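Enquirer: Fold the following.
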Amino acid sequence: MFDAGGAGSQLTIMLVVGGATLLISLLLLLAFAGGDGHSRESRRRLEEISMGQKPTGKSQARSSARRAQDTSGIKIIDGIVRALIPKPDQLKIRLEKTGFKMTVSKYATVTGMVIVLIIGYSHYLYGLNWFLAVPVGLASGLFIPHVTVGYLGKRRINKFMKNFPEAIELLVRGLRAGLPISEAIVTVGHDAPDPVGKEFRGVADAMRVGQSLEQGLWDVARRIDPPDFKFLIIAISIQRETGGNLAETLGGLANTLRKRRQLKLKIKAMSSEARASAWIIGSLPFIMFFLLWLANDSYVMKLIEDPRGIYMIGAGLTMIASGVGVMAKMVRFEI
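Expert: Okay, here's the model as predicted:
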């Protein structure tokens, strides 16, 4: 017979665990929202060098207004996010890098829903107890959105940098044709492919509402991590202060950026064998574990149920992580 009391108890446990998981996930988002403090400090110094002054009160007011608009529209969710994530600006920048209109509140809500769904599936479909289902749900629910946002942002930045030298060439041609820099920016926004064209169109729109060219470019630089774009801002700022042939300077910058990209691609090709080895060596133990589990699950479960097997798994994962980390460090080059 159907046990109403048992079903109600299970439903209560599921709701309690789901609500607690949602709150914990919002707290743990702080760990994944961290940005690069060195990049922020470098940007601040570059702004001081290029602009020669601190941001004005008007620009700070515009920034505050933009932050105020970055909400989900649901007061309860926005209040929870503001209470649990006191510094969402770093996460907001990561979301802006993807090119999608995703607010911090929506990201936190989606992450919490993913965690609850994974916990529910792990417990009711795969039979994991709550002590295993909750950690699995937290780890997977936080990891999947974090990696997805990072992948989308990195892909968009790589696409931007691929077309960025051609965008500078468009600027150079416009300047040599007699156009002012502001009109040349508009031309790049219309002619360059996205995401370069989209970012330059945003700069042009910002200038139409009274924002300075440098501030509009710095807003783009906040979403573009590589220093190549900051070189463009500094070149324009120095030319405005000291004068000179901006077209010739930007032409040289375009050639330099193109050569840097070619060198990066060459290094990537030369290190492809080592990177492939790291992927194969790191994934082979997990593939073998999965195949053994499919062939004879009781044989594999003995390794998990025995405390000595748990220690062996921990030692193996530690050695695999160390080896993959060393190999990744060996093939990582900064240009």
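
Enquirer: can we go C-alpha only for contacts and neighbour counts from here?
Expert: Noted.

Enquirer: Now name the helix or strand holding T256.
Expert: Assigned by DSSP states H and E, T256 belongs to helix 246-270.

Enquirer: Run through who's touching that helix.
Expert: Contacts to helix 246-270, defined as C-alpha atoms under 8 Å, 6 or more residues apart in numbering, come from residues 162, 165-166, 168-169, 171-173, 175-176, 228, 231-232, 235-236, 239, 333, 335.

Enquirer: Identify those among the residues you listed that sit within helices.
Expert: The helices, defined by DSSP state H, take in 162, 165-166, 168-169, 171-173, 175-176, 228, 231-232, 235-236, 239 from those.

Enquirer: Among the residues you listed, which one lies nearest to M102?
Expert: When those are compared for distance to M102 (C-alpha to C-alpha), K162 wins out at 24.5 Å.

Enquirer: what about the nearest residue to that closest one once chain neighbours are set aside, neighbour count?
Expert: Distances taken as C-alpha to C-alpha, 6 or more residues apart in numbering place R261 nearest to K162, at 7.9 Å, with adjacent residues excluded. Applying other C-alpha atoms under 10 Å, we find 15 residues neighbouring R261.

Enquirer: do P88 as well
Expert: 19.

Enquirer: do the same with A328
Expert: 15.

Enquirer: Isn't it up against W279?
Expert: No: taking C-alpha atoms under 8 Å as the definition, A328 is not a contact partner of W279, at 9.5 Å.

Enquirer: mind checking how far the helix holding T256 is from the chain centre?
Expert: Remark: helix 246-270 is offset 24 Å from the chain centroid, using C-alpha atoms, centre = their mean, to the nearest Å.

Enquirer: picking that back up, PyMOL command to pick out the buried ones of the contacts of helix 246-270?
Expert: Listed next is the PyMOL selection for buried residues among the contacts of helix 246-270, using 16 or more other C-alpha atoms under 10 Å:
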select buried, resi 165+166+168+169+171+172+175+228+232+236
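
Enquirer: Does E96 lie in a helix or a strand, and which?
Expert: Secondary structure (DSSP H and E) places E96 in helix 89-97.

Enquirer: helices and strands around that helix, which ones?
Expert: If contacts are counted by 3 or more C-alpha pairs under 8 Å, 6 or more residues apart in numbering; DSSP states H and E, helix 89-97 sits against helix 104-124, helix 130-176.

Enquirer: pLDDT averaged over the first one - what is it?
Expert: Averaging the model's pLDDT scores along helix 104-124 yields 83.

Enquirer: and the angle from that helix to helix 130-176?
Expert: 150 degrees (axes from the mean of the first three to the mean of the last three C-alpha atoms, to 10 degrees).

Enquirer: Helix 104-124: which residues count as buried?
Expert: Residues of helix 104-124 classed as buried by neighbour count (16+ other C-alpha under 10 Å): 104-109, 111-116, 118-120, 122-123.

Enquirer: Please list all residues in contact with the residue nearest the centre of the chain.
Expert: Centroid check for the chain by C-alpha atoms, centre = their mean gives G150 as the closest residue, at 3.2 Å. Contact analysis of G150 by C-alpha under 8 Å, 6+ apart lists R94, T98.

Enquirer: can you check E169 too?
Expert: By C-alpha under 8 Å, 6+ apart, E169 lies in contact with L250, G251, A254.

Enquirer: returning to that earlier point: quick one: which of the helices and strands packed on helix 89-97 is nearest L217?
Expert: That would be helix 130-176 among those, by C-alpha to C-alpha, at 13.4 Å.

Enquirer: Between helix 246-270 and the closest one, find me the angle.
Expert: 140 degrees.

Enquirer: How far away from the center of its chain is helix 130-176?
Expert: That offset, for helix 130-176, works out to 5 Å (C-alpha atoms, centre = their mean).

Enquirer: residue contacts, the closest residue to V114 other than its chain neighbours?
Expert: Excluding the flanking residues, the one nearest V114 by C-alpha to C-alpha, 6+ apart is G141, at 5.3 Å. Counting by C-alpha under 8 Å, 6+ apart, G141 makes contact with T111, G112, V114, I115, I118.

Enquirer: ok, 7 Å please
Expert: T111, V114, I115 (C-alpha atoms under 7 Å, 6 or more residues apart in numbering).

Enquirer: cool, V188 as well?
Expert: A167, L170, L171, G197, F200.

Enquirer: which sections of the stretch 101-250 of the chain are below the confidence cut-off?
Expert: The stretch 101-250 of the chain contains no residues with pLDDT under 70.
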